[in-house]
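J.: just to be clear, the model below is a prediction. Sequence and coordinates:
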Amino acid sequence: MAGEAVQPSTQRGVDAPAPVCPHFHAAVELIGKRWAGATLCALVDGPRRFVELSHSVPGVSDRLLSARLKELEREGLITRVVEAGTPVRVTYSLTEKGAELEPAIVELRDWARRWKGDRPDA
């Protein structure tokens, strides 16, 4: 082995990198959908009503926010609580499953502030 040239991995017969975990890929696709991650990020700070979420996630239409909330609820990441009365009030919050994303969301938010911040090229 001494004095032997090191060859690139493609020439040594090393297997190609393992494919991305399908569970990871599905999770990133779900959270990465437009407005889904921002909605979850807003809910990390606590329960919110629909109008509060629409203000927390600028640029999202009511229709699209409603669709994302329904999807996140179907996935078990958020819960929807309807309060009786007039008008009916609906509050959204993270479930236990959704709350487990909090460390990842906070880290990503902090990373974005550091690296995307106010830089014009961000």
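T.: That came in fine, so what should we check first?
J.: buried ones in stretch 57-64?
T.: Residues of stretch 57-64 classed as buried: 57, 60, 64 (neighbour count, 16 or more other CB atoms under 10 Å). Every C-beta, even on glycine, is put in place using the N, C-alpha and C of the backbone.
J.: list the contacts of the closest residue to the last one other than its chain neighbours.
T.: The reference is to Leu64. Excluding the flanking residues, the one nearest Leu64 by CB to CB, 6 or more residues apart in numbering is Trp35, at 6.0 Å. By CB atoms under 8 Å, 6 or more residues apart in numbering, the contact set of Trp35 is 57, 60, 64-65, 68.
J.: thinking again about what came up before, helices - which of the buried residues of stretch 57-64 land there?
T.: Among the buried residues of stretch 57-64, the ones falling in helices (DSSP state H) are Leu64.
J.: adding distance to Thr79 and pLDDT, write the buried residues of stretch 57-64 out as TSV.
T.: Putting the buried residues of stretch 57-64 into TSV (distance: CB to CB, whole Å; pLDDT from 0 to 100) gives the following:
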residue	distance to Thr79	pLDDT
Val57	18	93
Val60	20	95
Leu64	20	96
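J.: tell me which of the buried residues of stretch 57-64 is nearest to His25?
T.: The shortest approach to His25 among those belongs to Leu64, at 23.1 Å (CB to CB).
J.: from Val20, how far off is that closest one?
T.: For Leu64, the distance to Val20 (CB to CB, to the nearest Å) stands at 27 Å.
J.: go ahead and confirm Leu30 touches Ala36.
T.: Yes. Leu30 is within contact range of Ala36, at 6.5 Å (criterion: CB atoms under 8 Å).
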